[in-house]
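# sharing a sequence plus its predicted fold:
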Amino acid sequence: MNVPSGPFQLTFALSGFAPQEKSGVLHPGENYEIPQITLAVGAATVDVEVRLKPAEVAEEQVEVEEKQRIFGAIPNFYVSYVPDAAPLTSKQKYKLAWKSSIDPVSFGITAVIAGFEQWDNGYGGYGQGVQGYAKRYGAAYADLVSSTFIGGAILPSLLKQDPRYFYQGTGTRMSRLRHALASAVICKGDNGRWQPNYSGIIGGLASGAISNFYYPDNDRNGLGLTFENAAIGTGEGAVVNVIQEFIIRRLTPHAPGPEPGKP
């Protein structure tokens, strides 16, 4: 082979082996002999990407939500401060409803409600005394459990909707206000899309209808009043959402992410 004299550089490469280079100078008329080249096995590089399943991500997020308490005491479980939170499984929806229903603070709030009703002689058919208070307490707790499970677990599981309020926290005050008010009638589906909040609205109606079975005859709601109470409940939900959006985040110590206006 006629190779011109001068400096040269040879590269030896083979798939799976580390390349080697050989350089030198070929003089005129020189018969240059390449020494034996041994290629070393190349270092193997493997990119491994580990991803948690959506249900596993949701479980971690629910565990954080179960630590959210206003003033460190009052449960604030049904609020997600993660805008793109993973959808809850049916099991997780029931778990959150159960956790909320049996929380000691829920029992305490129910006791206070029953006490006010006793003092004001609300639902007079229950009477007074210990027996009257016990009936009022049972009715108030039944309201709590039925609304929590129907609107927060049963219907969301059937309709594949998310029962949580999704905190916005950013944007103008008006956009946050619109978000809070709209969240009373719309919710996130398990597919991540916003849709009518059938779970909350129908859940309010169903809970009101069920209460007719245990409230005194004179205090049982007719169909019209049941719808009226559901509408009132939706309005109350809107007010609570506004409070969630602008106030409660600052009062919830274990809420993830920075407070509004803070880095």
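Received it, and whenever you're ready, just let me know what you need.

# what's the domain layout of the protein?
1-50, 54-251 (automatic domain parsing).

# can I get those in a markdown table with mean pLDDT and mean neighbour count?
Quick note: C-beta positions are derived from backbone N, CA and C, even for glycine. Shown next, in a markdown table, are these (pLDDT from 0 to 100; neighbours: other C-beta atoms under 10 Å):
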| stretch | mean pLDDT | mean neighbour count |
| --- | --- | --- |
| domain 1-50 | 69 | 9 |
| domain 54-251 | 91 | 17 |
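
# surely residue 72 is within a helix?
No. If the criterion is DSSP: H, G, I helix; E, B strand; the rest coil, then residue 72 is coil and not within a helix.

# got a list of what it touches?
Residue 72 is in contact with 253-254, counting by C-beta atoms under 8 Å, 6 or more residues apart in numbering.

# tell me how far it lies from residue 111.
According to C-beta to C-beta, to the nearest Å, residue 72 and residue 111 sit 20 Å apart.

# before we move on, what about residue 21?
Using C-beta to C-beta, residue 21 is found at 83 Å from residue 111.

# try residue 117
Taking C-beta to C-beta as the measure, residue 117 falls 11 Å from residue 111.

# one more: residue 234?
26 Å.

# I'd assumed residue 244 was in contact with residue 184.
No. Taking C-beta atoms under 8 Å as the definition, residue 184 is not a contact partner of residue 244, at 11.0 Å.

# restrict stretch 138-148 to CA atoms and write it as PDB.
In PDB, the C-alpha atoms belonging to stretch 138-148 read as follows (Å, rounded to 0.1, in the frame of the first residue of the first chain):
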ATOM      1  CA  GLY A 138     -76.600  11.000  66.900                       C
ATOM      2  CA  ALA A 139     -78.500  13.000  64.200                       C
ATOM      3  CA  ALA A 140     -75.700  15.500  63.800                       C
ATOM      4  CA  TYR A 141     -73.000  12.800  63.500                       C
ATOM      5  CA  ALA A 142     -75.200  10.800  61.100                       C
ATOM      6  CA  ASP A 143     -75.400  14.000  58.900                       C
ATOM      7  CA  LEU A 144     -71.600  14.300  59.000                       C
ATOM      8  CA  VAL A 145     -70.900  10.600  58.200                       C
ATOM      9  CA  SER A 146     -73.500  10.400  55.400                       C
ATOM     10  CA  SER A 147     -72.400  13.600  53.700                       C
ATOM     11  CA  THR A 148     -68.700  12.700  54.000                       C
END
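
# what does it contact?
Contacts for stretch 138-148 (C-beta under 8 Å, 6+ apart): 97, 100-101, 106-107, 110, 113-114, 117, 123, 126, 203-204, 206-207, 210-211, 214-215.

# so which of the residues you listed belong to helices?
Cross-referencing the contacts of stretch 138-148 against helices under DSSP state H gives 97, 100-101, 106-107, 110, 113-114, 117, 203-204, 206-207, 210-211.

# ok, these vs residue 169, which is closest?
Comparing those against residue 169 with C-beta to C-beta picks out residue 100 as the nearest, at 22.5 Å.

# and the closest one, how far from residue 211?
To residue 211, residue 100 is 19 Å away according to C-beta to C-beta.

# using PDB, list the CA coordinates for whichever strand or helix holds residue 200.
Element membership for residue 200 (DSSP states H and E) is helix 198-211. What follows is helix 198-211 as a C-alpha-only set of coordinates in PDB (Å, rounded to 0.1, in the frame of the first residue of the first chain):
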ATOM      1  CA  TYR A 198     -72.100  15.700  40.400                       C
ATOM      2  CA  SER A 199     -70.700  14.000  43.400                       C
ATOM      3  CA  GLY A 200     -71.000  17.000  45.700                       C
ATOM      4  CA  ILE A 201     -74.300  18.200  44.400                       C
ATOM      5  CA  ILE A 202     -76.000  14.800  44.300                       C
ATOM      6  CA  GLY A 203     -74.300  13.900  47.600                       C
ATOM      7  CA  GLY A 204     -75.900  16.900  49.300                       C
ATOM      8  CA  LEU A 205     -79.300  15.900  48.000                       C
ATOM      9  CA  ALA A 206     -78.900  12.300  49.100                       C
ATOM     10  CA  SER A 207     -77.600  13.200  52.500                       C
ATOM     11  CA  GLY A 208     -80.600  15.500  53.000                       C
ATOM     12  CA  ALA A 209     -83.000  12.800  51.900                       C
ATOM     13  CA  ILE A 210     -81.500  10.200  54.300                       C
ATOM     14  CA  SER A 211     -81.900  12.600  57.200                       C
END
